[in-house]
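S.K.: Pasted the sequence and its predicted model underneath.
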Amino acid sequence: MTDTALPRDLRSPRPTGRPGPALVTGSESGIGRATAVELARRGHDVAITWFRDEAAGTATAEEVRALGRRAVLRHVDLRDLPGAADVVDDVAAELGGLEVLVNDAGTGTATPLLDLSFADWREVLAVDLDAAFLFLQRAARVMVAAGRGGRVVNVTSVHEHQPRVGAAPYCAAKGGLGLLTRTAAIELAEHGITVNAVAPGEIATPMTGQKDTDPHGEDRPGVPLGRPGDAREVAAVIGFLCSAEASYVTGASWPVDGGMLQMGPMAGSHLTADDWRRP
């Protein structure tokens, strides 16, 4: 069946004019900052959220403005739900709409299951899954009302697909976000809204206890490409998924992990030698 044979309400709206406004959560550093800058480079005005470091959020906004795009900055605490999601309508009103949402903000634990408190469990689930759902729902409502379609990208993790010791709530939240992505993709398709996930591996950011610097000189024997990733490498994939070129891509999870998920039972980033490369 060709697109012209589809009922009119099931045809994806065609992109018109320049790229529309975007909201990127957790954009004060790391993947969020790199994504905000990448979207600005592609022509989007960007709403930036920060949690702990206002100066870092301001620095992201300055990078966006240096590329000739508008930037609005908001403090958001994703533990404050459902109220934190009000920022979606707030920035949409200021920027004249919302056509892109990137759910990037997240948190995690390094606590064995037997020692994990319910409070820590709930905080990770609230930030990584509940907030992503609320932001997606609110943004999708704005997009549907505007009738121009849209893009949603949920930043999950390789642990959307594979578990990690000491990260039970993180893995549960990212796995849930992966299935939420797929469900939202089929429900929102009739409105021309695509919903995809990007699943980073070890990326050189503060989230992984590293500085946001060029990781090409770092050695990771257990990663097939031999190093951590750069936040800008993740942002490039997100930027593509938010573009007109990705208009027929929805419900997919895109690992950006240097091949880590391919290691399977051989493990991945925690290997300390290259012995696995030889049979």
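M.R.: Received it, and whenever you're ready, just let me know what you need.
S.K.: thinking residue 150 is in contact with residue 140, fair?
M.R.: Yes: the pair residue 150 / residue 140 is scored as a contact, 7.3 Å apart, by CB atoms under 8 Å. Yep, even glycine has a C-beta here, placed from its N, CA and C like the rest.
S.K.: Need the residues touching each of these two.
M.R.: Taking CB atoms under 8 Å, 6 or more residues apart in numbering as the contact rule, the neighbours common to residue 150 and residue 140 are 191, 193.
S.K.: In terms of packing, which of those two has more residues around it?
M.R.: Higher neighbour count among residue 150 and residue 140: residue 150, with 25 against 21, using other CB atoms under 10 Å.
S.K.: Pairing partners for the more buried one in the sheet, please.
M.R.: Taking DSSP bridges as the rule, residue 150 bridges to residue 193.
S.K.: residues contacting it?
M.R.: By CB under 8 Å, 6+ apart, residue 150 lies in contact with 20, 98, 99, 100, 101, 139, 140, 143, 191, 192, 193, 194.
S.K.: again, 6 Å this time
M.R.: 99, 143, 193 (CB atoms under 6 Å, 6 or more residues apart in numbering).
S.K.: count of neighbours near the last one?
M.R.: Residues near residue 193, counting by other CB under 10 Å, number 25.
S.K.: Same question for residue 245.
M.R.: Neighbour tally, residue 245, other CB under 10 Å: 11.
S.K.: what's the distance between it and residue 104?
M.R.: For residue 245, the distance to residue 104 equals 21 Å [CB to CB, to the nearest Å].
S.K.: doesn't residue 110 make contact with residue 166?
M.R.: Yes: Residue 166 lies in contact with residue 110 (CB atoms under 6 Å); the separation is 4.8 Å.
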